[in-house]
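Student: model the structure of this input:
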Amino acid sequence: SGSAISLHRQHSTKKVQRSGVIDVIRSNYAHRSRITKDFYMSDQRPLSGLRVVELGQLLAGPFTGTILGYFGAEVIKVEPPTGDPIRQWREVKDGTSLWYHSLARNKKSVTLDLKSERGQKLAFDLLCKADVVIENFRPGLMESWGLGPDPVKAKNPGVIYARISGYGQTGPFASKPGYASVTEGYGGFRYINGEPGEAPMRPNISMGDTLAGIHAALGVALAIIQRHQSGEGQVVDVALYESIFNLLEGIVPEFDGAGVIREPSGTTITGIVPTNTYLCKDSKHVVIGGNGDSIFKRLMTEAGRSDMAADPELAHNPGRVVHQERIDQALSDWCAQHNSSEIIEKLETVRVPVGPIYNVEDMLADPHYNARGMFETVEINGEPLKIPAIMPKLSRTPGETLWPGAAIGAHNKEILGGLLGLSDKEIEAL
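Tutor: Next comes the predicted model:
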């Protein structure tokens, strides 16, 4: 039923069957990949015993599944027979996107044709055995397949049904197509991102999708807590544009209360000074955050501008905002005389927040990233591959990667046969 009692029962059952599951995993991946971690360890991750069925494709829904699976949930990824399109996105090696090995980690791949009656019936049976459903199709499509939350809840009242779309399940725009690129603009982020007077800029990631995935995982966690109280599930409705909207800090009250529209501000942030990016002698940039009152004094003193450190007009942030151009020019002149490493060393010595602009090569070489366990290594066809760890870090029950993204349909026999009771012949007929 998805109640606390049901969760406990599933958890106990999983402990008993775990060695068999591991044998299936080992069999499925021995020919193509293996994880470098020991997955014979007892699974103490916080979502252990939770069964998640992930439908949909590309990024927002699958990233929700990635988070839940990393922290212990059994994630059954339902793909079309041709596989999730993201298997072929960006850098492809040996027929599979390198990204996919990270995004589909810890997931069991099952192939079903959801456009066929047989595929819909099997998917429905799966959803009725799930604690959590994740889908990111356009609103109404799951209902057209008979897989919407109402018929599933009638059979499985404890199910938590997470729905991710561009504009949400209700409202006049619910049926509009909405990729991250569009919803980042509609959600307000693109307007403030970029240089004044220039075209709004896009970050080189699908930020709206990833943020929606994080919001959906948060919604699922909240619904699980509530289900322990009521025994009932609920729908978690996540819109990409609303996930972006959730980042807007004081923009709404500042407009409603003072009529101020936040504008793009380039490398700075409106109303906080100094916090900017500065070019150094070695052609590298550093970010300096000197906007605390005492920090500002230490910053300007170290930069050889004790006159500005002692200037009463600059003692507090409102005055510094008025004189932002003068402050930034002084810091730009100082940084231009020194290499970036020198600037960082000087400011860290006097406890001023400062740092470099990193690319991914810098991250992989950085001792702090490595000390914090930010990378995990899996093996794909006998070759090691670094993938990012998933945050947050839990001290007692941390998440982990047990295996990389599986081959298409690698778990058909385990799930369609073992869980749904299909014979080998019936599975082959699919």
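Student: residue contacts, Tyr358?
Tutor: For Tyr358, the contact set (CB atoms under 8 Å, 6 or more residues apart in numbering) comprises Asp366. C-betas here are computed from N, CA, C, even on glycine.
Student: and it, what's its pLDDT?
Tutor: Among the per-residue scores, Tyr358 shows a pLDDT of 96.
Student: and it, that's in a helix?
Tutor: No: applying DSSP: H, G, I helix; E, B strand; the rest coil, one finds Tyr358 to be coil, outside a helix.
Student: from Met201, how far out is it?
Tutor: Computed with CB to CB, to the nearest Å, the distance linking Tyr358 and Met201 is 19 Å.
Student: ok, Gly72 next?
Tutor: Distance from Gly72 to Met201, counting by CB to CB: 38 Å.
Student: ok, now Leu422?
Tutor: 50 Å.
Student: if you count surrounding residues, which of those two has more?
Tutor: Leu422 (19 against 12; other CB atoms under 10 Å).
Student: OK, contacts around the residue nearest to Asp424 when sequence neighbours are not counted?
Tutor: The shortest distance from Asp424 to any non-neighbouring residue, by CB to CB, 6 or more residues apart in numbering, is to Gly417 (6.9 Å). Residues near Gly417 by CB under 8 Å, 6+ apart: Ser423, Asp424, Ile427.
Student: repeat for Gly194
Tutor: Going by CB under 8 Å, 6+ apart, the list of residues near Gly194 reads Pro200, Met201, Pro264, Gly266.
Student: next, the closest residue in space to the third one that isn't next to it in sequence: phi, psi?
Tutor: In other words, Pro264. Leaving out its chain neighbours, the residue that sits closest to Pro264 by CB to CB, 6+ apart is Gly194, at 4.6 Å. The phi/psi pair for Gly194 (degrees, to the nearest 10) reads phi 140, psi -170.
Student: how near is Gly194 to Asn291?
Tutor: From Gly194 over to Asn291 the distance is 22 Å, taken as CB to CB.
Student: repeat that for Glu325.
Tutor: 15 Å.
Student: who has more neighbours, the two?
Tutor: Set side by side, Glu325 and Asn291 show more neighbours around Asn291, with 19 against 9, by other CB under 10 Å.
Student: surely the more buried one forms part of a strand?
Tutor: No: per three-state DSSP, Asn291 lies outside any strand segment and is coil.
Student: please enumerate the strands of the stretch 1-150 of the chain.
Tutor: 33-35, 51-54, 74-79, 92-93, 96-97, 107-111, 132-135 (DSSP state E, counting those that start in this stretch).
Student: which of these sits closest to Gln120?
Tutor: Set against Gln120 and scored by CB to CB, the strands of the stretch 1-150 of the chain come closest in strand 74-79, at 11.0 Å.
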